[in-house]
Structures are given as C-alpha cells and as structure tokens.
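>>> Structure for this input, please:
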Amino acid sequence: MVSRKTLTVSMRPSLPSSRGKLLTRLGSFALLAFSFTLLSASSLSSAAAPAGWTTVDQLLKGFVSSGAKAKRPNSSSITPFIDYDEMSQRALGRKEWEALTVVQRRDFSQSLQTLVEKRYYPRWRKIFSKGKVSFVEESSSGGDNLVKTRLLLGKKSETLAWRLSEKSNKVVSLCVGDKDLLERLKHRIQSKQKKSKGNVEVLIAWMRGASGEKEVASLDHASLAAGDNGAGIVSD
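Have a look, this model is predicted:
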C-alpha cells in the first residue's frame with residue numbers, strides 16, 4: 001500500500017532546472033536583440049537614401065543601362081525623372097508661361113524636352129556609363145532639393161549638383177562648377193524671345209531646330225577636359 005505522502009511526491013510536476021531557466025531567458029533576450037537590430041538596420045537603410053538622391057540614382061541608371069556604345073539612350077527610362085514642364089516655366093518666365101495657351105505650353109515643353117534629349121542625353125550617356133557617381137549630401141534651397149554628387153571619370157573627379165523641384169521630386173537642372181544647365185537654357189531662350197518680340201511660335205520653332213546643332217567634340221571621348229570644369233556636361 002502506497003502512503004499519501006509518497007503519492008503526493010510522485011505526482012508533483014518536475015520543474016526546470018536553474019540552468020534551463022537561464023537558457024530560456026537568454027534565448028528570449030537574444031531574439032529581442034536580433035529583432036531590434038533588424039529594425040535599426042532597416043531604419044538606417046531608409047535614412048541613407050534621401051528622396052532626391054533616389055531620383056537621381058534612377059536617372060543615372062537609365063544612362064548606364066544604355067551603354068557607352070549605344071547610338072541613343074533609352075529616353076523612356078530617363079525622362080520620367082526630369083520635370084520638363086517646370087523647366088519650361090522657369091526658362092521662359094512664370095509671367096510669360098501663364099500667358100500661353102494650353103496647346104502652346106504643351107508644344108513649348110515638348111520642344112524643350114526634344115532639345116535636351118538630342119543635345120545632352122548622348123553626352124550624358126557617354127560620361128555616366130563610363131564614370132561612377134556617388135552621393136555626397138542633400139539639402140533644401142529656395143523651395144528645391146539640392147543633391148550633391150561626386151563624379152569619378154578615370155582619374156578626374158568633379159562635383160555635380162542636381163536641382164530637384166520639391167513639388168515633383170524630379171530634376172529641373174544640373175550644375176557643374178559655375179555652369180548651370182537651366183540658367184544656360186534660360187539665357188538662350190529669353191535671348192531668342194527678345195529677338196522674336198515675344199512670338200512663342202518662333203521660339204518653339206527655334207528650339208526644335210537648335211536640338212539638331214552639332215555637339216561638343218570633346219564629348220566624343222567622354223572626357224570632362226581638365227580646365228573645362230565639367231563644361232561638356234552642361235555646355236551649349
């Protein structure tokens with residue numbers, strides 16, 4: 001016959017040892033720490049890719065994917081990252097832009113796009129497909145985002161500053177040293193505008209014709225040309 005005392009002892013559940021409890025706690029702590037590390041890494045990754053640089057990076061990939069030997073870059077992978085409507089407004093002037101009809105605005109913007117695609121896309125393809133562009137910093141300026149990058153082409157290094165509209169987060173200009181693409185376009189367009197006495201149709205026709213002008217010869221070798229301060233990237 002088994003005594004009550006013996007039965008009570010034999011039915012008591014076995015408790016985990018102190019070592020088991022410690023391992024269980026350490027395992028839970030390790031899992032928590034691992035989850036926190038993943039969350040932190042994800043946050044750092046997001047913080048390391050500002051919106052402006054993400055746009056510029058995608059634009060550059062469009063030129064790189066074309067290859068240095070391609071006859072013409074694939075504009076469909078590049079143009080979505082450039083705000084040609086905003087560029088047109090700034091190049092012509094807000095007051096003059098608002099005076100245009102919807103059709104004239106469309107024609108003006110399309111003509112400016114054609115001008116940039118034919119005169120600048122080929123040289124940018126040659127440079128960016130051979131060089132390496134790295135992110136430096138991003139800041140705000142006058143309602144725009146400025147994305148500063150470093151271009152390394154061979155042994156030459158140049159700072160490129162991309163201006164993006166905060167409204168669209170798309171590129172509206174590119175600056176190399178004291179040479180700014182939008183300012184150059186603005187100067188030429190407004191100069192032609194005065195000569196045409198404000199006739200926008202004449203101005204649009206000129207832009208379409210200017211898109212076929214001869215490119216800068218030095219860009220045939222995809223060189224920034226020492227002393228040119230990167231002029232080939234944004235020169236007329």
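
>>> where exactly do the strands run in this structure?
132-141, 144-153, 156-165, 170-176, 179-180 (DSSP state E).

>>> So for residue 80, which of these sits nearest?
Minimum separation from residue 80 across the strands of the chain (CB to CB) falls at strand 170-176, 7.9 Å. Every C-beta, even on glycine, is put in place using the N, C-alpha and C of the backbone.

>>> Give the rounded mean pLDDT of that closest one.
Strand 170-176 shows a mean pLDDT of 97.

>>> Stretch 208-215 now?
pLDDT averaged over stretch 208-215 gives 64.

>>> So which of the strands of the chain is nearest residue 87?
Across the strands of the chain, closest to residue 87 is strand 170-176 (CB to CB), at 5.1 Å.

>>> Distance-wise, check residue 203 relative to residue 192.
6 Å (CB to CB, to the nearest Å).

>>> wait, I meant residue 106
19 Å.

>>> next one: residue 173
If you go by CB to CB, the gap between residue 173 and residue 192 works out to 19 Å.

>>> Comparing the two, which residue is more hemmed in?
Neighbour tally, residue 173 and residue 192, criterion other CB atoms under 10 Å: the higher count belongs to residue 173, 25 against 16.

>>> Not counting its neighbours along the chain, what's nearest that one?
Excluding the flanking residues, the one nearest residue 173 by CB to CB, 6 or more residues apart in numbering is residue 182, at 3.5 Å.

>>> In contact with the one you found, which residues are there?
Residues counted as contacts of residue 182 (CB atoms under 8 Å, 6 or more residues apart in numbering) are 87, 90, 91, 163, 172, 173.
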